[in-house]
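> Predicted model follows, preceded by the sequence.
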Amino acid sequence: MENIITSKDNPVIKLYQKLSSSKKERLQYGLFVLEGLRIVEDALREQSGISHLILTKQAFERYGSELFQADLSEARTIVISNELGNRIASTDTTQGVFAICPIPQKRRMEIVPGGRYIVLFGLQDPGNVGMIIRTADALGLDGAILSGSCELYSPKVVRSTMGSIFRVKTMIENDPEKLFALLSEGGARSSAAVIDTDALPVTECSFEGTEAVFIGNEGNGLPREISQRCDRRVTIPMSGTINSLNAAMAAGILMWELKK
């Protein structure tokens, strides 16, 4: 076993904590953090370029042989004390498996003919964003575009994706003009998800070509200027006195209809 690190002042540990707590540091270094066996395994499987693998003594003994079967030629591995692992963990019951990973370089998403896309416009709950990306992965969507939403590589979003962040094509485009130009150039029809009896029930929609569905902010939905700019407005029919759904739940229903 490698030398066990116990000091919080170790350079790798200090870097991990900076990246875990600060968006500014993540952007400055171009790195983000992972916590948990499953998501680290996903990152290794998808060859995400992990730069540092951090294991507690207990995790090294329990999972080391499994993790070391992957190609770790690019990664520096360190073993830390169980106490230090508890200190840097963001979960109450940590598995003691951590990693530092590069943020993919900003890229323009290619809209493919017949593709299915979800646009997250103004979502601010990390759990919702992560769950939507995870559901997009499960349903086989062609990509997710974030616009004015919470940070994609924050620990809470990354954890909520359960590894799907490494499989779903994602793009961040905060400029609505550029966003609509991207969809238009790709021949994508845009649908705004709204709560409006005048909108087309999603169960009656035809999704036949290249499609992009917009889901809006948890409390306020889509801004009127955005919903009006979309090619059509769609709604999820609801019974009784219920007139709204959790954003991740609504997005899941819309993505299901997209892929039917």
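Everything's here; your move. Numbering: from 1, shown residues only.
> in the lowest-mean-pLDDT helix or strand in the chain, what's buried?
Between all helices and strands in the chain, the lowest mean by mean pLDDT, DSSP states H and E belongs to helix 57-67, at a mean of 88. By neighbour count on 16 or more other CB atoms under 10 Å, the buried set for helix 57-67 is K57, A59, F60, R62, Y63, G64, L67. Where C-beta positions appear, they are placed from N, C-alpha and C, glycine not excepted.
> quick check, nearest of the residues you listed to L34?
The closest of the buried residues of helix 57-67 to L34 turns out to be L67 (CB to CB; 12.2 Å).
> Now do the contacts for that closest one.
L67 sits next to V40, E41, L44, L53, L55, V97 when contact means CB atoms under 8 Å, 6 or more residues apart in numbering.
> is it true that the first one touches A99?
Looking back up the chat, that one is V40. Yes - here V40 reaches A99: they are 4.9 Å apart, a contact under CB atoms under 8 Å.
> Serialize the buried residues of helix 57-67 to CSV and add fields for distance to C150.
Shown next, in CSV, are the buried residues of helix 57-67 (distance: CB to CB, whole Å):
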residue, distance to C150
K57, 34
A59, 29
F60, 33
R62, 33
Y63, 30
G64, 34
L67, 30
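> Can you pull the residues that touch both of V40 and A99?
Residues touching both V40 and A99 (CB under 8 Å, 6+ apart) are L34, I50, L53.
> just the buried members of these?
The neighbour-count criterion (16+ other CB under 10 Å) marks L34, I50, L53 among those as buried.
> need the contact list for the residue nearest to the first one when sequence neighbours are not counted.
The shortest distance from L34 to any residue other than its chain neighbours is 4.3 Å, reached at A99 (CB to CB, 6 or more residues apart in numbering). When the contact criterion is CB under 8 Å, 6+ apart, the partners of A99 are V33, L34, V40, A43, I50, H52, L53, I54, A75.
> again, only using 7 Å
Shown in contact with A99 (CB atoms under 7 Å, 6 or more residues apart in numbering): L34, V40, A43, I50, H52, L53, I54.
> related to what we said a few turns ago, of the buried ones among the shared contacts of V40 and A99, which is the nearest to N82?
If you rank the buried ones among the shared contacts of V40 and A99 by distance to N82 using CB to CB, L53 comes first, at 16.4 Å.
> three-state assignment of the closest one?
strand (DSSP: H, G, I helix; E, B strand; the rest coil).
> pLDDT at it, what is it?
pLDDT recorded at L53 is 94.
> how about the helices of the stretch 51-200 of the chain, start to end?
Per DSSP state H, counting those that start in this stretch, the stretch 51-200 of the chain carries helices over the ranges 57-67, 82-88, 126-139, 155-161, 176-185.
> Show me the contact partners of the fourth one.
Think helix 155-161. Helix 155-161 has contacts (CB under 7 Å, 6+ apart) with 20, 32-36, 90, 126-127, 129-131, 133-134, 150-151, 165.
> List only those of the residues you listed flagged as buried.
The neighbour count (16+ other CB under 10 Å) marks 20, 32-36, 126, 129-131, 133-134, 150-151, 165 as buried among the contacts of helix 155-161.
> Quick check: chain neighbours aside, which residue is closest to H52?
I100 (4.1 Å).
> list the contacts for the one you found?
The contact partners of I100, by CB under 7 Å, 6+ apart, come to L15, Y16, L19, L31, V33, I50, S51, H52.
> Go again with 10 Å.
Going by CB atoms under 10 Å, 6 or more residues apart in numbering, I100 touches 12, 15-16, 19-20, 29, 31-34, 50-54, 75-76.
> So what pairs up with it in the strands?
Beta-bridge pairing of I100 under DSSP bridges involves V33, H52.
> separation between it and M238?
Distance of I100 to M238, given as CB to CB, to the nearest Å: 44 Å.
> the domain parsing of the protein - what is it?
What automatic domain parsing lists as the domains of the chain is 4-102, 116-259.
> could I get those domains as TSV with distance to E110?
Below are the domains of the chain laid out as TSV (distance: least, CB to CB, whole Å):
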stretch	distance to E110
domain 4-102	19
domain 116-259	8
